[in-house]
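*Asks:* I'll drop the sequence and a predicted model, then ask my questions.
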Amino acid sequence: MEYSKLISVTGLNGLFELVGSKTDGAIVKSLEDQNTRFISSRIHNFSHLESIEVYTVRDNVNLVEVFQAMGKSKEKLPSEKDAAAVKAYFQKVYPDMDFARVYASDMKKMIKWYSVLKANKIEPKLSEEENAEEQA
């Protein structure tokens, strides 16, 4: 499974692999319970993980950079239910994050998504990085 095929769906918890697309929606597979189903684009919006950016005190960074920093960190992942612990975790792991504009709910979602990626052994990296490595 590739990071480039992963999406988030509004109104639904967790991450999904994009299996196929139709004119009125998409066929997705849940990474948590492995169920495959059709999701209507009339009801839900889809966001590719590759396209999500995070506010920082400098320029915005791709979510992949935050996930990679989380992977390199020796800090233990906090429970996503404890907002104070989540914020303290990101202050240590990614101190450049703009904590005034990144909501606690977004940080909790990053913790949950990272846990799902680790459980499914998916390495977070952009598809452009993969192409550059293949050409080198």
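*Replies:* Yes, it's here. Numbers count the residues shown, from 1 in each chain.

*Asks:* all contacts plus neighbour counts: C-alpha atoms, from now on.
*Replies:* Noted.

*Asks:* Check which residues of the helix ranked longest in the chain are buried.
*Replies:* Ranked by residue count, the top helix of the chain under DSSP state H comes out as helix 104-119. For helix 104-119, the buried set under the neighbour-count rule, 16 or more other Cα atoms under 10 Å, comprises 104, 107, 108, 110, 111, 112, 113, 114, 116, 117.

*Asks:* What backbone torsions are found at residue 72?
*Replies:* Torsion angles at residue 72 (phi, psi; degrees, to the nearest 10) stand at phi -80, psi -20.

*Asks:* Which per-residue confidence value corresponds to it?
*Replies:* Predicted confidence (pLDDT) for residue 72: 95.

*Asks:* what about it, neighbour count?
*Replies:* When neighbours are counted by other Cα atoms under 10 Å, residue 72 registers 10.

*Asks:* Let the chain start at 55 from now.
*Replies:* That works, and once the first residue is 55, the last one we named lands at residue 126.

*Asks:* Quickly list the domain ranges of this structure.
*Replies:* Per the record, the chain has its domains at 57-103, 106-177, by automatic domain parsing.

*Asks:* Give me the below-cutoff pLDDT ranges for the chain.
*Replies:* Scanning the chain for pLDDT under 70 picks out 183-190.

*Asks:* Show me the helices in it, by range?
*Replies:* 117-126, 137-147, 158-173, 181-189.

*Asks:* for these, which one sits closest to residue 68?
*Replies:* For residue 68, the closest of the helices of the chain is helix 158-173, at 6.8 Å, according to Cα to Cα.

*Asks:* Tell me the helices and strands packed up against the closest one.
*Replies:* helix 137-147 (3 or more Cα pairs under 8 Å, 6 or more residues apart in numbering; DSSP states H and E).

*Asks:* And residue 105, how close does it get to residue 114?
*Replies:* As judged by Cα to Cα, to the nearest Å, residue 105 and residue 114 stand 12 Å apart.

*Asks:* what's the answer for residue 164, then?
*Replies:* Distance of residue 164 to residue 114, given as Cα to Cα: 16 Å.

*Asks:* Could you do residue 130 as well?
*Replies:* Look at residue 130 and residue 114: by Cα to Cα, they are 25 Å apart.
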